[in-house]
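*Asks:* Build the 3D model from these lines:
(one chain, ligands or ions: 2)
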Amino acid sequence: MQLSREDLLHAYRAMRTIRAFEDRVHDEFAAGGIPGFVHLYAGEEASGVGVCMNLDDRDYIASTHRGHGHCIAKGCDVKAMMKEIYGRRDGLCGGKGGSMHIADMSRGMMGANGIVGGGPPLVCGAALTAKTLKTGGVAVAFVGDGGSNQGTTLESYNLARVWNLPVIFVIEDNGYAESTASAWSVGGSQTKRAEAFGMPGQEVDGHDFFAVLDAARQAVEWARSGDGPSLIHVKLNRYYGHFEGDAMTYRADGEIERLRDEHDALVMFRNRVSEASLLDAGQLDKIDAEVAALIDEAVAEAAAAPAPSERDLLTDVYVSY
Ligand SMILES: Cc1ncc(C[n+]2csc(CCOP(=O)(O)OP(=O)(O)O)c2C)c(N)n1
Ligand SMILES: [Mg+2]
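*Replies:* Ligands and ions are numbered 1, 2, ... in the order given. Reported below is the predicted structural model:
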């Protein structure tokens, strides 16, 4: 797919923003500044950005517990996200969601989810709305390799097929569910599972932004043109632990260093666009500096922002007191 210079710059900025956001949250969590439970997406940037660059304001995504990257890729405000993760009143969800329940319906981001396998049924609902109202929209569920084994996920494959819904299931296979290697827990093949439910399945290198972009473009085309659901098996890696604080004793010595050296999505992107003379290093370095400044500001503003008040406890609840 031919991308304009603006598109390439947008893709790099989005991936760099995710990496810088996650690296910084890692440091700030270790320093004790962030409450709650945090799962980081660093290493998986090309998946969220490659998929979401094919989406627009009509479209919905449902995320996983590892949701910051999906939010940024779908266009959520980075400063409001940081405040949310700090539990602040001006956060994206008023400081009531935190990392694992961050959402922004105004951007079609239906939320990170503490329930593994929670996203696929949600996107079937969003896609049914799109189909019924003829908005032309599609709905994407990001699912981990662990989540791919949940009954909710497999039931959603069936529902999406029989109702011919404009859904894309993106299996982000980072090789582990918590500490269990996917080789020990995932039977068969993700694409053949899709085929068994009557959906096309594609497999891509999830470190390669261009490969993900192309696969997602195809899937979105199918969905928008009425051909119904499909699945993309995205093979990638996460750099940090399952959650912040994970000692990662289950990973081999040197495994992460090797991944960073040989399969880093941002390095691969830089090499590819430089070799093809599409962008020069100066343009990319400028984005790095701008993103670093944005993240510095986001953290400073989040740390200084007010917490929700006691009165806020009684808003956004179903029962009025
Ligand atoms: C229904 C449910 N079962 C178990 C858990 C506990 N849990 C949280 S994350 C996780 C592993 C998920 O692995 P995967 O889907 O591969 O996503 P990854 O963390 O690798 O991104 C588990 C078992 C949960 N949150 N929800
Ligand atoms: Mg996983």
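*Asks:* Pairing partners for the residue in the stretch 51-200 of the chain that ligand 2 sits nearest to in the sheet, please.
*Replies:* Nearest to ligand 2, among the residues of the stretch 51-200 of the chain, is residue 144, at 3.8 Å (C-beta to the ion). C-beta: built from backbone N, CA, C; applies to glycine. Beta bridges link residue 144 to residue 172, judged by DSSP bridges.
*Asks:* pLDDT score for it?
*Replies:* Note on residue 144: pLDDT of 98.
*Asks:* Quick check: the residue of the protein nearest ligand 1.
*Replies:* Residue of the chain nearest ligand 1, by C-beta to the nearest ligand atom: residue 144 (2.2 Å).
*Asks:* Tell me, how many residues neighbour that residue?
*Replies:* When neighbours are defined as other C-beta atoms under 10 Å, residue 144 has 26 of them.
*Asks:* if you average pLDDT over the helix or strand encompassing residue 158, what comes out?
*Replies:* Using DSSP states H and E, residue 158 maps to helix 151-162. Regarding helix 151-162, the rounded mean pLDDT is 98.
*Asks:* ok so, going back, contacting residues around the residue of the stretch 51-200 of the chain closest to ligand 2?
*Replies:* Residue 144 sits next to 64, 66, 116, 171, 172, 173, 174, 177 when contact means C-beta atoms under 8 Å, 6 or more residues apart in numbering.
*Asks:* mind running it again at 10 Å?
*Replies:* Applying C-beta atoms under 10 Å, 6 or more residues apart in numbering, we find residue 144 in contact with 39, 44, 64-66, 116-117, 119, 150, 153, 171-174, 176-178, 182, 238.
*Asks:* One more: residue 250?
*Replies:* Going by C-beta under 10 Å, 6+ apart, residue 250 touches 176, 178, 179, 180, 181, 241, 242.
*Asks:* where are the low-confidence patches of the stretch 101-250 of the chain?
*Replies:* Within the stretch 101-250 of the chain, no range satisfies pLDDT under 70.
*Asks:* What parts of it come near ligand 1?
*Replies:* Taking C-beta under 6 Å from any ligand atom as the criterion, the stretch 101-250 of the chain approaches ligand 1 at residues 114-117, 144-147, 174, 176-178, 242.
*Asks:* Mind checking which of those are in strands?
*Replies:* Counting by DSSP state E, the part of these found in strands is 144, 176, 177.
*Asks:* and residue 100, that one's in a strand?
*Replies:* No: per DSSP: H, G, I helix; E, B strand; the rest coil, residue 100 lies outside any strand segment and is helix.
*Asks:* Contact partners for the residue nearest to residue 41 when sequence neighbours are not counted?
*Replies:* Closest residue to residue 41 apart from its sequence neighbours, by C-beta to C-beta, 6 or more residues apart in numbering: residue 69 at 3.4 Å. Residue 69 makes contact with 14-15, 17-19, 21-22, 40-49, 52, 63, 142, 172, according to C-beta under 10 Å, 6+ apart.
*Asks:* go with 8 Å
*Replies:* Shown in contact with residue 69 (C-beta under 8 Å, 6+ apart): 18, 22, 41, 44, 45, 47, 48, 49.
*Asks:* Quick one: the residues you listed as a markdown table, columns for distance to residue 136 and pLDDT too.
*Replies:* As requested, the contacts of residue 69 are exported to a markdown table (distance: C-beta to C-beta, whole Å; pLDDT from 0 to 100):
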| residue | distance to residue 136 | pLDDT |
| --- | --- | --- |
| 18 | 27 | 99 |
| 22 | 33 | 98 |
| 41 | 29 | 98 |
| 44 | 28 | 98 |
| 45 | 27 | 98 |
| 47 | 24 | 98 |
| 48 | 22 | 98 |
| 49 | 22 | 98 |
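*Asks:* Filter these down to the ones in helices?
*Replies:* Among the contacts of residue 69, the members falling in helices are 18, 22, 45, 47, 48, 49 (criterion: DSSP state H).
*Asks:* With respect to residue 86, which of those residues is nearest?
*Replies:* Nearest to residue 86 out of the ones in helices among the contacts of residue 69 is residue 22 (C-beta to C-beta; 14.9 Å).
*Asks:* which residue is nearest the middle of this protein?
*Replies:* Centroid-nearest residue in the chain, with C-alpha atoms, centre = their mean: residue 70, separated by 2.7 Å.
*Asks:* ok, back up a step: from the residues of the stretch 101-250 of the chain next to ligand 1, list the buried ones, please.
*Replies:* Those of those that meet the buried threshold are 116, 117, 144, 145, 146, 147, 174, 176, 177, 242, by 16 or more other C-beta atoms under 10 Å.
*Asks:* from those, which is closest to residue 160?
*Replies:* Closest to residue 160, out of all of these and judged by C-beta to C-beta, is residue 117, at 14.2 Å.
*Asks:* Correct me if wrong: that closest one contacts residue 145.
*Replies:* No: with contact defined as C-beta atoms under 8 Å, residue 117 does not count as touching residue 145 (11.6 Å).
*Asks:* Since that was my last question, I'll sign off now.
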